[in-house]
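1. output the structure for:
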Amino acid sequence: MERKTRTGGREFILREFSPQDARNPQMFLDFLSNLKTDPASMTMMSEVPTLEEEEEWLRYVNSETLLGQRVTVLAEHPSQLIGVADIRLYPGKCSHVGELGISICREEFRSIGLGTAMIKRLLKLGMKRLDPTPRMLRLSIFGNNQRAKSLYQKFGFREVARIPGQFEFQGELVDEIIMLKPLKL
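-> The predicted model follows:
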């Protein structure tokens, strides 16, 4: 279901990932290319995947979505994909834990409330669609990403671990921060 939201003086469409999206790898490749070329983007991606790799990845995401193991929210402005957020359940004995991730491409779309709107939507969908319903959310951020840390703290995430020098960003080693949020069922 699509939902229009207005934030930062702009209108965005927030919607759930659908099987039709799995058939549009170019939309996701364009998004990933924008992330890759953005010097401020703190993504773990080192290279943009090939078309074939992205097609395979989208089949996997679609499969996990249909099984209730993943929920994904897409943000578009006006018809360009500019944000992706998801929760993916861990397998086996960790199936009560969901891994949350969010990426917003282009600096002009950051710090305007879009991340907040995406996470709100993602949490609502996750509680309805994920099976089993997660009892804990986990995420990982670059230690120097104060903007992301503040956003997640606003939603009740707390730092539980720090791994020194885990990431390389702009030629420097940066700590990884792991954050958790217990969920009430």
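2. show me the helices in the chain, by range?
-> Taking DSSP state H as the test, the helices found in the chain are 25-37, 51-66, 114-129, 146-154.
3. list the buried ones in stretch 99-112?
-> Of the residues in stretch 99-112, those buried by neighbour count under the rule 16 or more other Cβ atoms under 10 Å are 99-106, 109-110. C-beta: built from backbone N, CA, C; applies to glycine.
4. now the two most distant members of the residues you listed.
-> Pairwise distances across the buried residues of stretch 99-112 (Cβ to Cβ) peak at 24.2 Å, for the pair 99 and 106.
5. nearest spatial neighbour of the most centrally placed residue in the chain, skipping sequence neighbours?
-> The geometric centre of the chain, computed from its C-alpha atoms, lies nearest to residue 102 (Cα atoms, centre = their mean), at 2.2 Å. Leaving aside its sequence neighbours, residue 102 sits nearest to residue 85 (Cβ to Cβ, 6 or more residues apart in numbering; 4.0 Å).
6. which strand residues bridge the one you found?
-> Applying DSSP bridges to residue 85 gives these bridge partners: residue 73, residue 102.
7. a markdown table please, covering the helices of the chain and showing mean neighbour count.
-> Formatted as a markdown table, the entries for the helices of the chain read as follows, by neighbours: other Cβ atoms under 10 Å:
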| stretch | mean neighbour count |
| --- | --- |
| helix 25-37 | 17 |
| helix 51-66 | 15 |
| helix 114-129 | 19 |
| helix 146-154 | 15 |
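8. between those helices, which one is nearest to residue 15?
-> Set against residue 15 and scored by Cβ to Cβ, those come closest in helix 114-129, at 8.8 Å.
9. what helices and strands are in contact with that closest one?
-> In this structure, helix 114-129 packs against strand 2-7, strand 10-16, strand 70-76, strand 81-89, strand 97-104, helix 146-154, with contacts taken as 3 or more Cβ pairs under 8 Å, 6 or more residues apart in numbering; DSSP states H and E.
10. one more pass at 7 Å, please.
-> Contacts defined by 3 or more Cβ pairs under 7 Å, 6 or more residues apart in numbering; DSSP states H and E place helix 114-129 against strand 2-7, strand 10-16, strand 70-76, strand 81-89, strand 97-104.
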